[in-house]
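Student: how does the following fold in three dimensions:
(chains A and B, ligands or ions: 1)
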Amino acid sequence: MKLLVCIKQVPDMESRFKVDSAGTWYAESDLAWRMNEYDEYAVEQVVQLKEQHGGSPDITVLSIGPDRVKEMMKKALAMGCDRGVHVKDDESHRKDSFEIASIIAEFAKDKGFDVIFTGMQSQDRGSAQVGVLVAEMLGLPAVTTVVDFSFDEGAITAKRELEGGLKAIVKARTPALVTCQLGLNTPRYPTLPNIMKAKKKELLSVEVGELLKVEELLTTEKIYFPEKKGGGLILEGDVGDLADQLIKILKEKTGVLA
Amino acid sequence: MKALLVGEYREGKLLDSTYELVAFARELGAEASMFLVGSEQSLPRYDGTVYLADAAKHGEFNPGAHKQLLLEVIEKEKPDYVVLSHSSYGWDLAPRVALALKAAQVSEVVGVAGGSLVVPVCNAKLRRQVKPKTATTVVTLQAGAFGLPDEPAGTPVVEKVDADAAGGLEFAGYEAAEKTTVDLTKADIIVTAGRGIGKPENLEMIAQLAQALGGEYGASRPVVDAGWADHNRQVGSTGQTVSPKLYVACGVSGAIQHLAGMKKSEFVIAINTDKDAPIGEVADVLAVADVKQLVPALTEKLKAR
Ligand SMILES: Cc1cc2nc3c(=O)[nH]c(=O)nc-3n(C[C@H](O)[C@H](O)[C@H](O)COP(=O)(O)OP(=O)(O)OC[C@H]3O[C@@H](n4cnc5c(N)ncnc54)[C@H](O)[C@@H]3O)c2cc1C
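Tutor: A predicted model of the protein is given here:
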């Protein structure tokens, strides 16, 4: 069984963002980078699937981006992926979901992957398009927003999360693609021995030009900070004072301390 | 300008979010018609054409078939915009349709500015203005961004659509949420633990503040996913929708899916180390502080009163 998991590196969302000089994306300097949260669940799921099948399945992890994404790929290898494919692209952040999906589909089209895993969305762009587009480009069934996954004899059964606590149970024959939602599993922390082992795993590099055959469908005109709606009071300072101020506000503005 | 709105139907009923699509079409100034896989028993209150495919035949969730049916209507209507909700139904169907049309898709639209669409970036810390390069654009709308028209009214003109369409997925039914033991929807005061509490042991201090205020404690999704709190305490689009008199968000960033569950709260206090956290947008008071210090201090002082 051959498995593919696609991961993206994103900034830590608690970073202080700045707009880049072109005004069309966030500046990439002074950011802490990590694996897209949704993709961590995808990596964990693919590793669990391999464990359930006695180690025979073979896992490729793919990421598109500049050289720094290799750090994150090593984490995926340490979590249990077998090999990495780094699609080298310093301009990946400027590409739209259609271009990114095309690159992945072009890579995957003749490799015979049985199941492809992606996150349901990225934390920075949040388009929720890439996984579904890859599946459609490859003519595979796609199950999105998966919070429960199982595989048995060429068929997957997954639970899709809907709104308000409802779930839908969906089945598909492989080859298939699933997009992973938060809470699907508990992503593991790589152990030290596994981190050491990961250093020896293969990490191939492919130039993006070899895989990109399409052009973007949309352009970014500008990126900016939302106007503060205001109205809200911002309190700063010593914790004891803050507590007193909050109690005063609770008394004056709400009925809860009456 | 023409828009084709894709209504949403679940467990035999039209979802209210369908009307948000109508509000968006008005904002665009577009002439709109609607597509719905549903039934005549649950039609939208809408003055216009509704292209209706039968959910009993095609299934409520069957993206392969829904895509095919929708493409037939698009062929007939030739809309500039195909509009869906950014929901589990919409974000699943939209890219399938966009690819078939070779159309640009813009997800989670929160506004329109001239000819371009506004979408959030990085957990809503930034906004991006994008312009599609294709004649048709598929958009999904962030829940609540365009509001609901006051009182939806009207009787649609129904045009039936049908097609022989299959898909690679088998829908095997719904699974309802677990029965809740705490009912946050009835609580007047809710103190919510976000990922900013740092570790499971700190949930106790959130529960104590809730108790000192005479309320219940809630949790954001990561806190629930990590198993620190029960799912029935989760506030948000995939958890509970609450409307207490007082909502205290402790170490919660304010992602849209969380806000969706709590923005009807009367008074919101947020405690967050990040002055720019998006929760500031809905908070009446944002205390910039470490929850691990401020929450116990506040609880002490409340108890000492
Ligand atoms: C389809 C879908 C459905 C979803 N449904 C829900 C839902 O129902 N409910 C929900 O909550 N989320 C939901 N989410 C997830 C949502 O997008 C966010 O990931 C989530 O709400 C973030 O939770 P958080 O604010 O606790 O954590 P984070 O976003 O990690 O934020 C933590 C915050 O804590 C602050 N902080 C850190 N340390 C401290 C400290 N010591 N003191 C004070 N502040 C601190 C940080 O500045 C930050 O703002 C959903 C996502 C998707 C895609």
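
Student: spit out the contact partners of the closest residue to B:Ala207 other than its chain neighbours.
Tutor: Excluding its sequence neighbours, the residue lying closest to B:Ala207 (Cβ to Cβ, 6 or more residues apart in numbering or on different chains) is B:Tyr217, at 4.8 Å. No exception for glycine: its C-beta is placed from N, CA and C like everyone else's. Under the criterion of Cβ atoms under 8 Å, 6 or more residues apart in numbering or on different chains, the neighbours of B:Tyr217 are B:Ile190, B:Val191, B:Thr192, B:Ala193, B:Leu203, B:Ile206, B:Ala207, B:Leu209, B:Ala210, B:Ala229, B:Arg233.

Student: nearest to B:Phe171, of those residues?
Tutor: B:Arg233 (29.5 Å; Cβ to Cβ).

Student: please name the nearest non-neighbouring residue to that closest one.
Tutor: B:Arg233 sits nearest to B:Ala219 (Cβ to Cβ, 6+ apart), 4.7 Å away.

Student: residues contacting the one you found?
Tutor: Here B:Ala219 is in contact with B:Thr192, B:Ala193, B:Gly194, B:Leu203, B:Trp228, B:Ala229, B:Arg233, B:Gln234, B:Val235 (criterion: Cβ under 8 Å, 6+ apart).

Student: would you double-check that the fourth one falls in a strand?
Tutor: The one in question is B:Leu203. No: the assignment for B:Leu203 by DSSP: H, G, I helix; E, B strand; the rest coil gives helix, which leaves it out of any strand.

Student: okay but it is in contact with B:Ala229, surely?
Tutor: Yes: the criterion here is Cβ atoms under 8 Å, and B:Leu203 meets it with B:Ala229 at 6.3 Å.

Student: ok, A:Asp238 - how many residues close by?
Tutor: 11 (other Cβ atoms under 10 Å in any protein chain shown).

Student: what's the answer for A:Gly231, then?
Tutor: The number of residues packed near A:Gly231 is 9, by other Cβ under 10 Å.

Student: before we move on, what about B:Glu75?
Tutor: 9.

Student: element containing it, please.
Tutor: Element membership for B:Glu75, per DSSP states H and E: helix B:63-77.

Student: what packs against that helix?
Tutor: strand B:2-6, strand B:31-38, strand B:49-54, helix B:55-58, helix B:90-101 (3 or more Cβ pairs under 8 Å, 6 or more residues apart in numbering or on different chains; DSSP states H and E).

Student: so for it, mean pLDDT?
Tutor: Averaged across helix B:63-77, the pLDDT comes to 97.

Student: one more: stretch B:137-144?
Tutor: 96.

Student: got the contact list for it?
Tutor: A:128, B:17, B:20-21, B:24, B:80-87, B:90-91, B:94-95, B:97-98, B:101, B:103-110, B:117, B:120, B:237, B:256, B:260, B:263.

Student: before we move on, back to that, and the pLDDT for the residue nearest to B:Arg233?
Tutor: Taking B:Ala219 on its own, its pLDDT is 98.

Student: is it bridged to anything, and to what?
Tutor: B:Ala193, B:Gln234 (DSSP bridges).

Student: pull the number of nearby residues for A:Val134.
Tutor: Neighbours of A:Val134 (other Cβ under 10 Å): 30.

Student: how far away is it from B:Ala100?
Tutor: Distance of A:Val134 to B:Ala100, computed by Cβ to Cβ, to the nearest Å: 15 Å.

Student: same thing with B:Ala94?
Tutor: Taken as Cβ to Cβ, the span from B:Ala94 to B:Ala100 is 11 Å.

Student: now the residue nearest to B:Ala207: how far from A:Ile156?
Tutor: For B:Tyr217, the distance to A:Ile156 equals 37 Å [Cβ to Cβ].

Student: from what I see, A:Leu233 and B:Val285 are in contact.
Tutor: Yes: assessed by Cβ under 8 Å, A:Leu233 is found in contact with B:Val285 at 4.8 Å.

Student: more neighbours: those two, which one.
Tutor: B:Val285 (21 against 14).

Student: touching chain B at all, the biggest strand by length in chain A?
Tutor: When chain A is parsed with DSSP state E, its longest strand is strand A:142-152. Yes: contact of strand A:142-152 with chain B (Cβ under 8 Å from any Cβ of the partner chain) involves A:Ala142, A:Val143, A:Thr144, A:Thr145.

Student: ok, the closest residue to chain B within the stretch 151-258 of chain A - contacts?
Tutor: Using Cβ to the nearest Cβ, the single residue of the stretch 151-258 of chain A nearest to chain B is A:Gly165, 2.9 Å away. By Cβ under 8 Å, 6+ apart, the contact set of A:Gly165 is B:Ala176, B:Ala177, B:Glu178, B:His231, B:Thr238, B:Gly239.

Student: could I get the pLDDT score of it?
Tutor: 87.

Student: can you check A:Gly230 too?
Tutor: The per-residue pLDDT reported for A:Gly230 equals 68.

Student: was I right about A:Tyr38 contacting A:Gly183?
Tutor: No: at 10.4 Å, A:Tyr38 and A:Gly183 do not qualify as touching, with contact defined as Cβ under 8 Å.

Student: ok, these two, which is more surrounded?
Tutor: A:Tyr38 (25 against 19).

Student: helices along the chain, start to end?
Tutor: Since you didn't name a chain, this refers to chain A. For chain A, the helices defined by DSSP state H cover A:37-52, A:69-79, A:97-108, A:130-138, A:192-198, A:239-253.

Student: try again with chain B
Tutor: B:18-28, B:55-58, B:63-77, B:90-101, B:203-213, B:221-225, B:256-262, B:291-303.

Student: can I get those helices in a markdown table including distance to A:Trp33?
Tutor: Formatted as a markdown table, these follow (distance: least, Cβ to Cβ, whole Å):
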| stretch | distance to A:Trp33 |
| --- | --- |
| helix B:18-28 | 35 |
| helix B:55-58 | 44 |
| helix B:63-77 | 33 |
| helix B:90-101 | 25 |
| helix B:203-213 | 29 |
| helix B:221-225 | 19 |
| helix B:256-262 | 23 |
| helix B:291-303 | 25 |
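
Student: closest one to A:Lys109 among the ones you listed?
Tutor: Here helix B:90-101 is closest among those (Cβ to Cβ), at 14.7 Å.

Student: pull out the buried positions in that closest one.
Tutor: B:Gly90, B:Trp91, B:Asp92, B:Leu93, B:Ala94, B:Pro95, B:Arg96, B:Val97, B:Ala98, B:Leu99, B:Leu101 (16 or more other Cβ atoms under 10 Å in any protein chain shown).

Student: out of the residues you listed, who's nearest A:Lys200?
Tutor: For the buried residues of helix B:90-101, the nearest to A:Lys200 is B:Pro95 (37.6 Å; Cβ to Cβ).

Student: much appreciated, bye for now.
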